[in-house]
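Visitor: Fold the following for me, if possible:
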Amino acid sequence: MPQTLCGSLIRKARSPCQLSRCWGMLVCGNAATVPSVRFSKRFAKSREPSHWLCSEHRQQGGNICENACLQVRRGLVLFDKQENADCIRGIRGGILMAFAARRAIYKKIEASRKTKVIAYVTSDRQGAETQIGADCVDLFVDVLDKIGPTPKISLLLHTNGGSTSSAWRLVNLIKSFCDEFEVLIPLKAMSAGTLISLGASKIVMTKQAALGPIDPSLTHPLGPQIPVGNQLARIPVSVEAVRGYLDAATQDLAIKSDQTLGSILMDLSNKVHPLVLGEIFRSRAQIRFLASKLLKENVQDSDKVQAIIDFLCADSGSHDYTINRREAAALGLPVEKPSDEFYAILKKIHKDFATELKLTEPFNPSVELAGNAATQYRLVRGLVESTGGGCHGYLSEGTLTKSQVPHPAPPHTPMEQINDQRDFEGWKAI
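Guide: Below is the predicted model:
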């Protein structure tokens with residue numbers, strides 16, 4: 001855990017840096033990264049800037065620079081007061097983490113709603129998307145173990161969706177630690193995120209929040225491929241799209257001939273592998289079964305449960321259909337409208353997520369290179385946060401290199417190619 005200076009020195013410190021106006025002071029990066037660094041009590045009464053550095057930098061004659069930008073380049077680390085030291089975020093890889101500020105907001109939510117907050121964000125940044133997946137389950141176990149059994153848990157959720165089975169595991173895992181489970185949605189919880197929400201006794205939605213259909217899309221090793229750049233990539237197959245194709249033949253076109261229907265099915269199996277088709281029909285039955293089990297805990301009317309499932313699985317049309325707060329309530333879901341104060345809090349948190357994950361800025365390798373032949377990068381593509389468990393990010397780290405290769409077609413004119421050497425990808429404590 002990063003060490004910090006004692007509270008009395010922080011209260012006395014007056015750094016000229018604008019970054020420190022909220023937190024009081026800055027220390028060098030070694031103090032955040034070297035576990036052995038300790039600040040002795042004799043520095044507590046000192047306002048000498050050199051005492052704000054670790055011993056190594058003091059011996060080198062290091063000092064605090066008055067220019068905030070230069071401090072960032074030198075790797076200085078922003079610290080909060082002692083009791084918040086465990087959630088301090090440094091300037092790492094050029095990304096300023098704001099977990100300390102969000103943690104304070106989580107604490108306010110916990111106090112006002114008598115709950116424990118867990119935030120889960122998957123990136124929808126163009127070119128750096130992530131999804132709900134099995135890789136986060138162990139992380140949630142660690143977070144929930146630190147929370148322990150508690151009356152209520154609030155999951156602050158932002159996602160475009162992901163694995164149905166992982167969503168099912170997560171909602172049941174969380175509910176095993178609490179008596180009451182609610183979901184807070186600042187902007188969206190689509191697809192598998194909507195499935196998680198179906199298991200909540202309360203779904204708090206802002207005016208701009210959206211749920212979506214839960215019909216799954218299946219990505220399979222035998223699934224169809226499309227060219228992406230100079231490689232082939234597997235594309236997901238929508239369960240309801242396959243059903244819609246077959247329904248169009250049997251219902252809309254009213255085809256009755258067994259021979260014609262057989263040729264239609266044969267043509268489909270030439271485009272989509274038969275084993276993938278089998279998985280698709282199994283997934284269609286499974287998603288309805290899971291949704292029914294989750295809904296029945298909070299919606300007592302069985303007819304209403306069936307109507308909700310029909311709408312979310314088929315009747316809503318395309319998978320990108322959005323369900324706003326009013327429509328979700330009309331369906332019979334346990335929706336809560338936040339107060340004006342709580343709405344402002346949720347909106348602020350989402351803006352903070354969007355800034356840290358750069359959700360509105362497409363990831364463009366050419367922009368990252370900025371004219372250089374090579375550059376290292378570090379992307380934060382997901383977050384799991386709690387007041388007691390700290391902050392974990394789904395990180396992609398690597399090196400982008402630009403090279404010239406001959407075009408495959410004559411006259412083989414040289415063309416630019418960008419290679420991505422990924423060194424690390426996965427969850428890591430930040």
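Visitor: Now do the helices in the stretch 101-250 of the chain.
Guide: Secondary structure of the stretch 101-250 of the chain by DSSP state H, counting those that start in this stretch: the helices cover 137-147, 164-175, 192-198, 239-247.
Visitor: which one of these lies closest to residue 385?
Guide: Proximity to residue 385 (CB to CB) singles out helix 137-147 among the helices of the stretch 101-250 of the chain, at 8.6 Å. (C-beta placed from N, C-alpha, C; glycine too.)
Visitor: tilt between the closest one and helix 164-175?
Guide: Counting by axes from the mean of the first three to the mean of the last three CA atoms, to 10 degrees, helix 137-147 lies at 10 degrees to helix 164-175.
Visitor: Counting by contacts, list what helix 137-147 packs against.
Guide: Counting contacts by 3 or more CB pairs under 8 Å, 6 or more residues apart in numbering; DSSP states H and E, helix 137-147 is packed against strand 116-122, helix 164-175, strand 374-386.
Visitor: before we move on, the earlier item: quick one, which of the helices of the stretch 101-250 of the chain is nearest to residue 384?
Guide: Here helix 137-147 is closest among the helices of the stretch 101-250 of the chain (CB to CB), at 5.5 Å.
Visitor: Let's have the helices of the stretch 101-250 of the chain in CSV, adding mean pLDDT.
Guide: Formatted as CSV, the helices of the stretch 101-250 of the chain follow (pLDDT from 0 to 100):
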stretch, mean pLDDT
helix 137-147, 96
helix 164-175, 95
helix 192-198, 96
helix 239-247, 74
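Visitor: sorry, back to before: tell me the most buried of the helices and strands packed on helix 137-147?
Guide: Highest mean neighbour count among those (mean count of other CB atoms under 10 Å): strand 116-122, with a mean of 25.
Visitor: Can you pull up the most central residue in the protein?
Guide: residue 122 (1.9 Å; CA atoms, centre = their mean).
Visitor: pLDDT score assigned to that one?
Guide: Looking at residue 122, its pLDDT stands at 97.
Visitor: returning to that earlier point: got a markdown table for the helices of the stretch 101-250 of the chain, with distance to residue 272 too?
Guide: Below are these laid out as a markdown table (distance: least, CB to CB, whole Å):
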| stretch | distance to residue 272 |
| --- | --- |
| helix 137-147 | 29 |
| helix 164-175 | 19 |
| helix 192-198 | 22 |
| helix 239-247 | 7 |
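Visitor: between those helices, which gets nearest to residue 340?
Guide: helix 192-198 (22.6 Å).
Visitor: Least confident secondary structure element in the protein?
Guide: None of the helices or strands of the chain scores lower by mean pLDDT, DSSP states H and E than helix 68-73, at a mean of 31.
Visitor: so how many other residues sit close to residue 140?
Guide: Neighbourhood size, residue 140 [other CB atoms under 10 Å]: 21.
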